[in-house]
Structure formats: structure tokens, C-alpha cells
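take this sequence and fold it.
(2 chains)
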Amino acid sequence: MPKHQNNFIIMHLDDNCVTALEDISKGSQIQIRESFIIINQNIPLGHKIALEDIRKGDLVKKYGHSIGIATENIIKGDWIHTHNLTSQYLKEVAK
Amino acid sequence: MIEEFMGYQRPNGEVGIRNKIAIISSVVCVNHVVQQIANKVKGAVPITHPLGCGQFGPDYKNTLNTLIGLGKNPNVFGAVVVGLGCENISSRLIAKNIMKSKKSVEFFDLQEVKGGSPAAIEKGIILGNRISEKARELKREPFDFSHIVLGLECGGSDSISGISANPVLGIISDRIVKLGGTTILAEFTEWIGTEHLLIKRAINKNVAEQIHELLSGFLENLNDLGINFLGVQPTPGNIQGGLTTIEEKSLGSIAKAGKSPIQGLIQYTEKPKGKGLWLMIEPSLDVESMTGLAAVGANVIAMTTGRGSPCGNPVVPVIKLCGNPKTCEWMAENIDVDVSSIIKGENSVEELAEVLWLRMKNVLNGEKTQAEKLGFNDIAIWRNTAAPFQYMHCK
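Numbering: from 1, shown residues only, chains lettered A, B, ... in the order given. Next up, the predicted model:
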């Protein structure tokens, strides 16, 4: 079940990313699951932030489901977007 | 507590939440006549469209069945079908098929009325008023939610829709299913990338195979035509808004359909064969989709929008919910349920689902939606002869 907290939303407890509900600046902190995450880049509204370290080749999860594969190592607090995430469906299903 | 709403009993056992008189054009040539009849008959709505003649094959059948389906919709008490007299989708054919639902139906062709269109308008008003008088004698009665058929729709989506309005609607879709009702998700091009998840939710292997065939068949057809659909999804605007992959975009879209099992796929003019969540094969234009949902018997539609949409439907109330605070302010007259407090961090998705639930119950009981208040009666019939859609006929 989606949990909202201040300036981000987590869509499912299994997710390893959250979505920013406003522009969040580099260096600021968000609190989730009793721990603090320092934001590594500027994150625009609607964009995703890594909740934990995600290794290259691992799945990024939102809505409790995979939204694709990490194309490089992602560090907790990183901005997740086209530079480090790609579609698994495109690769495997729609070849 | 048993959840109930006040609706109208139809002779075939279905239940309407409105008691409309549908004035239906069989062909484009009589649209103005139909509009002017509807203006003068109490409780009447015009069903006009740019088609009805020179059509053939699946395109002909699809238009005919859509018009029949709109007349048969449970929110319609009775209908007056008007033709010109020389078209191949005739007023008689439409009317005779609507009559199978045991409704009051009248029909005539303009060319058979001495005096041309003014006389035809007068005739239509007389026939319409006769049905309207009978309609007013029918009173609302309490019914349980097994009689609800909810259409799940989105239009003018933005990157906020998938994290706000769509999950809100998903909770309500699951609730209707739990209460024994029916929900229908359309717009299959917005399921691409979530095929593996939809297949897992299919009630049996056959349904799973149909979902797979539909989506892979669509991609193959596009490939054959040299169209790289996936190369352009998500769109540049989606990516700017924060959507990275097709999976992410489609997950946001199918969130409207909650988590319920998928009972099966239906064609554009095919009624669901039972209760629960169904998928309708229809591409992705919201007005075409809502016309199809109305034609297969939806009695209410909920439409999520991020950028804003004014659209309505002549026979089915359309409840708009919007998660974008700016749109909720700028287009307040077109939005029924403001769920923007989710992205403001003030309310949870669950809390807003309760707000939508209350509003929906009021709409079921007769409260007008914004689109109804504005008198918006949008109709667009999907023309499935376009080459990429040839695959649509389920095996």
C-alpha cells in the first residue's frame, strides 16, 4: 500500500525506489524506515530516488514490481532515470 | 452493512443509474435533426457520429454494434432511432436490435416524412415525448453493487497520474469486484510492458494466452509495418516527467484496475461474460474507449486525468479524478474528485479512495458529474479497419 511522507511517496513496501513529490535538492535528507537518506543529485518532481544500493544488473522495483534493470551501480540516494535504468521488457520480450 | 445504491430496473434484469431517452442517428446526415429532437425532449440525449454509410466488413459491424450497444445501455430507458433512408446502417436494424432488451424503441427515416427535416424533427419530438412520459413513471429502487459495471479510463495523463489518481481508482475497482460487480479496463496499448503481470492475474491458461496473443500480435503487426512503437515509449514528455521505462508507464496505467484477477478479454462491442475485472480490446483514445465502455454496458465510468479533460458520454456519467494540483485549480469545472493532496503529501491514496467512493455513490444515486452538468455528450466510434488493428479479432 502506498505510503506518503512529506516530499516523496513509496508505492509499495517491496520497492527499492521512491518518487519525489516536489523538487528535492542535492545534499538534503529524506527519512524513511527510521533511517536517513542523503540525496546525491537534484531530483525533479515525479522522478525516482534509490532507497538502497542497487548493483548493475539488479532490478529496480516500483509498485512492487520490476520497472527495469540497473545499467550501472546505483548508490542509495541516487537519482534513478534513463542514465542508469533500462527496460527489461524491451530487452527480453519485445526483441 | 450491505452497500446499496438507488437505480432503475430494466426489463432485461440490468440496472441503470440514469433514465435517459437516447435519440440515435443511424447516419451522419441526420445529426442535426437528432440534436434538435434531443434538445426538446425531457431526459433525452443525442447520440450523433460521423459514420453510418459506405462502411463494410468489420468496420460496418463495429459501428452498427456500437450504436446498438449504446441504445441497450442500462442507463437508457428507451430510444428513438433516426435514419436518412438510403444508408446501409439503417434505423430499422439498430432499433430492432435494441428492442431485444425489451425497451421502448421507435424509429423512422427522414426521407419517409413529408415536409423534410422540420417535419422529421417534429415527429421525433412527439415519439421522444411519448417515451419520456413513460420514463418518468419509473422510480429508483435500492440495488446491491453486483449491478454496477464500472469503466476504468484515463485521459490526458501526466507523470503524477500513476502515483495518485490511478492507484486511487484501483482501490475502488477492487472494491466493486469484491462487492460482486464488474469493472472493465480498456486502452491495451497502455498495458504493454506489463504483459507478464497481467498474465499472472488471468483466471486460467486460456485467458493468459489471449493476453499474450493480443500484445505480442500487436507488436508483430507494427513491426511488419515498420513502426517501432516501443522506440517511442515512454514519450519525451513522459521521460521529462520522470517515467523511465515502458514497464513503469504501463504499471501506472494498469494501477487503475487494482489487483483483482482478470476474467477475460472482450471485443470493443462485446459484453463481459460474467462479473469481476475484464479487459476490453481498444487502442487508446479516451473518447473512443468511453464510447466502447458505454456500448458494452458500463453504467458508470471513472476517468483519471493529469493534464485535464472535459469529456463526457451521453449515456454514462463520467467521474473525473485528478492528481495534479495545478490542473485541479485551472480546470476545476471539469474535475469531480481532486486527489492532488496525495502529491502535496497531505493525504494517502487510501484516504482519497474513500473520497472517490463517496462521490461515486452520490453519482450512482443521481448526483450529476461535472461533464453531465456541462451537457458534454462525446461519442467517437473506434474504426478498426486501420491496418495495425487487424489483429484485434481474438482467436
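
closest residue of chain B to chain A?
In chain B, the residue that lies nearest chain A is residue B:242 (3.4 Å; C-beta to the nearest C-beta). C-beta here means a position set from N, CA and C on the backbone, and glycine is covered the same way.

can you map out the strands along chain A?
A:3-5, A:8-10, A:17-20, A:29-32, A:35-38, A:48-50, A:59-62, A:65-70, A:79-80, A:85-86 (DSSP state E).

try the stretch 1-150 of chain B
B:4-9, B:15-16, B:20-25, B:44-47, B:76-83, B:104-109, B:141-144, B:149-154 (DSSP state E, counting those that start in this stretch).

now these in JSON lines, with mean pLDDT?
Supplementary listing: those in JSON lines, determined by pLDDT from 0 to 100:
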{"stretch": "strand B:4-9", "mean pLDDT": "98"}
{"stretch": "strand B:15-16", "mean pLDDT": "98"}
{"stretch": "strand B:20-25", "mean pLDDT": "98"}
{"stretch": "strand B:44-47", "mean pLDDT": "98"}
{"stretch": "strand B:76-83", "mean pLDDT": "98"}
{"stretch": "strand B:104-109", "mean pLDDT": "98"}
{"stretch": "strand B:141-144", "mean pLDDT": "98"}
{"stretch": "strand B:149-154", "mean pLDDT": "96"}
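
taking chain A, what residue is nearest to chain B?
residue A:46 (3.4 Å).

that residue contacts residue A:19, correct?
Yes: under the criterion of C-beta atoms under 8 Å, residue A:46 is in contact with residue A:19, at a separation of 6.5 Å.

quick one, which of the two is more surrounded?
Neighbours per residue, other C-beta atoms under 10 Å in any protein chain shown: of residue A:46 and residue A:19, the larger number sits with residue A:19, 25 against 21.

what sits against that one?
Residue A:19 makes contact with A:8-11, A:46-49, A:62, B:163, B:242, according to C-beta atoms under 8 Å, 6 or more residues apart in numbering or on different chains.

buried subset of the residues you listed as a ChimeraX selection?
Restricted to buried positions by 16 or more other C-beta atoms under 10 Å in any protein chain shown, the ChimeraX selection for those reads:
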select /A:8,9,10,11,46,47,48,49,62 /B:163,242
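
ok, the most centrally placed residue in chain A - contacts?
The central residue of chain A, meaning the one whose C-alpha is nearest the mean C-alpha position (C-alpha atoms, centre = their mean), is residue A:17 at 2.8 Å. Applying C-beta under 8 Å, 6+ apart, we find residue A:17 in contact with A:48-51, A:60-62, A:80.

was I right about residue B:254 contacting residue B:185?
Yes: counting by C-beta under 8 Å, residue B:254 sits close enough to residue B:185 to count as a contact (6.9 Å).

neighbour-wise, which of these two wins?
Under the neighbour definition other C-beta under 10 Å, residue B:254 and residue B:185 were set side by side, and residue B:185 has more, 29 against 24.

which residues does the more buried one form a beta bridge with?
Residue B:185 has the following beta-bridge partners by DSSP bridges: residue B:152, residue B:279.

show me what contacts it?
B:152, B:173, B:191, B:254, B:256-257, B:277-280.

likewise residue B:98?
Residues in contact with residue B:98, defined by C-beta under 8 Å, 6+ apart, are B:68, B:71-72, B:79, B:81, B:105.
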